[in-house]
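1. When you get a sec, could you give me coordinates for this:
(3 chains)
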Amino acid sequence: MGLLSYVAKRAAFAVVTILIIMTMNFVIFRMMPGNPVAMIADMVRLRPEQVARLYELFGLDKPLWDQYVQYMVQSLRGFYGYSYYSQRPIAEDIMVRLPNTLLLVGTATVLSIVIGMVIGILAAARRGSLVDVTAISFGFLGNSVPVFWLGLILLLVFGVDLKWFPIRGTTSVPAPTDPLALVLDIMWHMTLPTFALVIILFGGYALIMRAAMIDVLTEDYIQLARAKGLDERTVLYKHALRNAMLPMVTVIALAFGFLLSGALLTETVFSWYGLGRYIWDAILKQDYPALQGIFFIISVMVVAANLIADLVYGFLDPRIRQE
Amino acid sequence: MDRGRLARSVSEFGRMYLGNRMGQAGLALLFIFIGMAALAPYLTPYDPMYTMQLANFRAKPQWLDPALPPNLYLITDPGLPSVAALGEWSLELTGGSSASWTGSEGYPGIPLVEEGSGPGAIEVTGEPSAEGTAVVERIYQYAYKPPRRFSVHLAYKAQVTGEATWSIQVLLRQSDGNLLELWSSGPRRGSQGWTVPRPQIDTNDAILRLRLFNDILGDASRMFPRGGEYGLVVRVSTVSEGGTVKVYLDDVSARIWGESFGLLGTDNYGRDIFTQLMHGSRISIIIGIFSAVIAVVLGVLVGLTSGYLGGWVDELAMRINDILLTIPGLPFLIVLTAVLGPTIWSVIILIGFLGWMGIARLIRSQVLTLKTKAFVEASRASGGGTWHIIRVHLVPNVMTMAYTQLALTVPGAIVTEAALSFLGLGDPFLQTWGKMLHDVQYYGAVAEWWWAVPPGLCIALLSMSFVFIGYALDDIFNPKLRGR
Amino acid sequence: MTALLEVRGLKMHYGTVKGDVKAVDDVSFSLEAGESLGIAGESGCGKTSVALALMKLQPGNAKFLGGSITLDGMNVLALDDEKIRREVRWKRISMVPQAAMNALNPVFTVKDQIIEAILTHEDVSEKEAEKRTLELLKRVGIDPSRAGNYPHEFSGGMKQRAMIAMALACNPEIVIADEPTTALDVIVQAQVLKVIKTLQRDLGLSMILISHDLSVVAETCERTVIMYAGSIVENTSTVEMFRHPLHPYSVGLIGAFPKLTGERKRLESITGNPPNLLDPPPGCRFHPRCPHARDVCTRIVPPLLETHENHMVACHMVNRHPEYR
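-> You can find the predicted model right below:
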């Protein structure tokens, strides 16, 4: 019962967040100087009746409230309008690219969390050691080094100079037809962008894990676990880790948004066929509807990630289930 | 706090800060960048944005390869202000032509386009009823690798009385004796005022390249394929059918565009990259500090009120906080800046307004702790009003945290602005470090590491200096965390 | 007869940036089998440090500078960590820590935490361990149906009882109870103390109870040790301690402790503050606060001597001031 109401509360929060994001999207769209019809009319000099027809087509002749409702309904149905540039439904454009972005982001997330956690735990257990210094240094680096620049440098060294990895794209052109070769080809193309993201991200995770572990290690129950005669590994990995994981879960969910942003920038550098590259093109071509569609999709993904994190948290921490 | 105690506590703080190694490193780095920002106009004479064509586009740094040509001007004194300036030219006359220096004519320039050099020109006179040519040549020893761009400028004027034709040719005599015709006026009749060839004689002109090399992709490297003696030749031919003709030449100059320039070369418009790097520090520091100040002020305000008042105010503030934390920052910023228009101030304000959430939470939790402390309860019991308690007891106690957060928020703001600029959403009238990286990406110049590396390194180091300062402050203000 | 636990001249300092904190300085006492010993003193006087040292659970910056801890003829300080972990901790010496609410791991059930202790030290099946756990919980007055709950679902008193059950899980010879009732309200305090007292008597346990609260010690222990600034100042039976305290510090402490049954007299209290253990005063550490301090007290550390039968005290003045007899 406790768990159920907790889940319901978190889910409700997620839904409200998405509705608010959609509303903001609508408001921003209206705030834009001019409107899409005026822009088109400006570009191709339409006759007044054509303009009126376009207003009707875009639904701009209706009161603002109706437009809002219509916008919300269409967004929920997965229709975000047409791209100015490609003239195709934005949802289609996004759906083609989304899997590539998720592939990159997913791989980088898993790798950086695993590496960050292991290094963070070791750093907390052995303060002042080489591992500890590494964790702190990379934490600082992750805070200061722009991921796209690191991408450029990796590209410069390993792509242009050493020629170990391809300098652009998701697959070779033409892509290999053999499935195994295709997978290997994609992995080969993914190496540098993933590497850039992991280098920037894992230090931050390591620092958080380290701080959480250090906090937990001063708790009375850790001393009691030692007094009970448990060996150091059980103390560290069973008693301490399970508690230190709690702040990590929230941080990981919040960082998912950051990671997506980082991925957008990294994709641009490596010409990865994903949302990032789409954003770059949309900005260059002032394709506002495309930008908003992407913003909405990414927001939904981040909200979903947060919801999942909340649920994992509820599963890990018995205290939550009660409230 | 009286003045003496304040002074003591300030000096105490200074002592502790300077004893902190991370603090020293951060401050030293920051001073370097502040120096860079303050001295930028003195370190470099150019404008980062508008001084273009300083050398060929994407010239390499000067120290990289001494064999690359710097900017080379073949003619020392193109304005011909005195007869002595003719000394660098060799003169060859055939038929009924004579040539001399004149002080009564001179290219006046074209208003708003280019300036002329004023009085002083070469005067070529064709004798009546005779044919003749006057050839002026400037010999030049070229000793570098082939350049990519070569341009020639000249201004001419013709005065004809009666029947006469004239023509002007500009040629390049290569080291193997081959003559390349760069430009020709063609035979003309009649007088003409001061004119410059249009389009300019420049290997950037595709028609010229096509005519000279039969290849639109060729460049000036085919004009100067190796070191040796080259000559810029201007040949004036006159044919008089009874009349007289006088042709004036002025402002004859030729430029081999530098393939190497300055400390860090040039960008796609021939702007100095080193200048952009120096000036970029100003924008980054301003954006970083201003948006961090906005974020911290907002965070402190929200944290204080929601923490102290509690109740529905707190609930509302924290829900808004949660929602804003959930919204992915960079995509949101992209949409907002794209729509609101990317000026430096809108970027600063947006970054500030999207950065206060974490700070508000920290401040709020500290206020919640302070609220239960005896001195606050005592003050409340003795009738201290809300405002009094916030001002006297809470604000001073959260200020140390606010300073620390200020230092720790700056790096995020700097990196975020760089990301926006990198995506092409920066202020179009400012050349920031992020914009420089945008150019690198946009023009596919990754391999030009002297262009690609420095801006990112500066972003990283400047951010790092604030990270160091922030951690040092944290260390000093929260001594119980020492050793963490 | 040798005592079950014998501590001789134990000296332990904590290294910090500012210098060594002289937390435990030349502490000696012994504990007989079945005896209950109370260690009392102001917070920060080194009580808990002594307790931690008995199980070698001292923090990482602690340094042993001398002394010995002998458990049943075996020098604990000389044992390697692995051996201590397997054979001393919980199996022979267990503890009820300060603030039990924080000593139970919030993410595991109470039952699992006790079972874990049993399985670590004894080669029994999980089922057997669970059976024993439920019995233990029943014994301390917790309904076995609540055994599968998480710590946050327990009240403060229940957590403390669960801790006591856990402390008994491996049938230890010595239980160290460190401020077992501090965070509890008075009524629960009394209940928990009763459980401790009953169990100690019924099981014939040896117990060391650490408290800053003299009344807790008086109520529970047969013998009382009073510590001040890292050293023991007095050690005698509880009855004797409360009737005839000899050390001026004990006198002050007991004077500050109102007697419900005694004659009404003005509450005596000790002026001043305990010393900074980074730089304790020379000689007797109590001398700056002592009303009877003489020149000798500022220079020479008074040894802990048995000045009366079964009554040890560390004070230069003890035999010269009849009024403190």
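2. Now do the helices for chain A: every range, in order, please.
-> A:2-31, A:36-44, A:48-58, A:64-76, A:90-125, A:130-144, A:147-154, A:179-217, A:220-227, A:232-234, A:241-270, A:275-284, A:288-316, A:318-322 (DSSP state H).
3. ditto for chain C
-> With DSSP H as the criterion, chain C has helices spanning C:47-54, C:81-83, C:100-103, C:110-121, C:126-139, C:156-167, C:186-203, C:214-220, C:238-243, C:248-255, C:295-299.
4. In terms of mean pLDDT, which of these ranks lowest?
-> If you rank the helices of chain C by mean pLDDT, helix C:100-103 sits at the bottom with a mean of 76.
5. export it as CSV, just CAs?
-> Extracted in CSV, the C-alpha atoms of helix C:100-103 (Å, rounded to 0.1, in the frame of the first residue of the first chain):
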residue,chain,number,x,y,z
ALA,C,100,20.9,2.4,18.5
MET,C,101,18.6,4.2,16.0
ASN,C,102,21.6,4.9,13.9
ALA,C,103,23.3,1.6,14.5
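6. picking up where we left off before, can I get the helices of chain C in a markdown table with distance to B:G177?
-> The C-beta positions use only the backbone N, C-alpha and C, and glycine is treated the same way. Shown next, in a markdown table, are these (distance: least, C-beta to C-beta, whole Å):
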| stretch | distance to B:G177 |
| --- | --- |
| helix C:47-54 | 97 |
| helix C:81-83 | 91 |
| helix C:100-103 | 95 |
| helix C:110-121 | 97 |
| helix C:126-139 | 101 |
| helix C:156-167 | 103 |
| helix C:186-203 | 111 |
| helix C:214-220 | 113 |
| helix C:238-243 | 120 |
| helix C:248-255 | 113 |
| helix C:295-299 | 109 |
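7. any idea which of these is most buried?
-> Mean neighbour count (mean count of other C-beta atoms under 10 Å in any protein chain shown) peaks for helix C:156-167 among the helices of chain C, with a mean of 25.
8. remind me which residues of chain A are low pLDDT?
-> Applying pLDDT under 70 to chain A flags the ranges A:1, A:31-44, A:57-60, A:84-85, A:320-323.
9. Might you report the residue contacts of the most centrally placed residue in it?
-> For chain A, the residue lying nearest the average C-alpha position, counting by C-alpha atoms, centre = their mean, turns out to be A:L260 (2.5 Å). Taking C-beta atoms under 8 Å, 6 or more residues apart in numbering or on different chains, we find A:L260 in contact with A:101, A:105, A:298, A:301-302, B:328, B:330-331.
10. Go through the helices of chain A and pick out the most buried.
-> Highest mean neighbour count among the helices of chain A (mean count of other C-beta under 10 Å): helix A:147-154, a mean of 26.
11. what packs against that helix?
-> helix A:179-217, helix A:241-270, helix B:395-422, helix B:433-442, helix B:449-477 (3 or more C-beta pairs under 8 Å, 6 or more residues apart in numbering or on different chains; DSSP states H and E).
12. helix/strand/coil for B:S98?
-> Here B:S98 is recorded as strand under DSSP: H, G, I helix; E, B strand; the rest coil.
13. Just give me the neighbour total for it.
-> 13 (other C-beta atoms under 10 Å in any protein chain shown).
14. can you check A:Q286 too?
-> 12.
15. Return the distance of it relative to chain C.
-> Noted for A:Q286: a distance of 52 Å to chain C, by C-beta to the nearest C-beta, to the nearest Å.
16. Same check on A:L155?
-> Relative to chain C, and taking C-beta to the nearest C-beta, A:L155 is found at 44 Å.
17. Next one: that residue relative to A:V173, how far apart?
-> Between A:L155 and A:V173 the computed distance is 18 Å (C-beta to C-beta, to the nearest Å).
18. Who has more neighbours out of these two?
-> A:L155 (25 against 8).
19. Does that one touch A:F270 like I think?
-> Yes: if you go by C-beta atoms under 8 Å, A:L155 and A:F270 touch, sitting 6.8 Å apart.
20. list the residues that contact both of those two?
-> Counting by C-beta under 8 Å, 6+ apart, the shared contacts of A:L155 and A:F270 are A:167, A:192.
21. Could you pull up the residues touching the residue of the stretch 351-484 of chain B found nearest chain A?
-> Closest contact between the stretch 351-484 of chain B and chain A, by C-beta to the nearest C-beta, is at B:G456 (3.0 Å). B:G456 is in contact with A:145-146, A:149-150, A:152-153, B:433, B:437, counting by C-beta under 8 Å, 6+ apart.
22. near chain B, which residues of the stretch 201-323 of chain A?
-> Counting by C-beta under 8 Å from any C-beta of the partner chain, the residues of the stretch 201-323 of chain A close to chain B are A:211, A:214, A:254, A:257-258, A:260-261, A:264-265, A:268-269, A:279-280, A:283-284, A:286, A:288, A:291-292, A:294-295, A:298-299, A:302-303, A:306.
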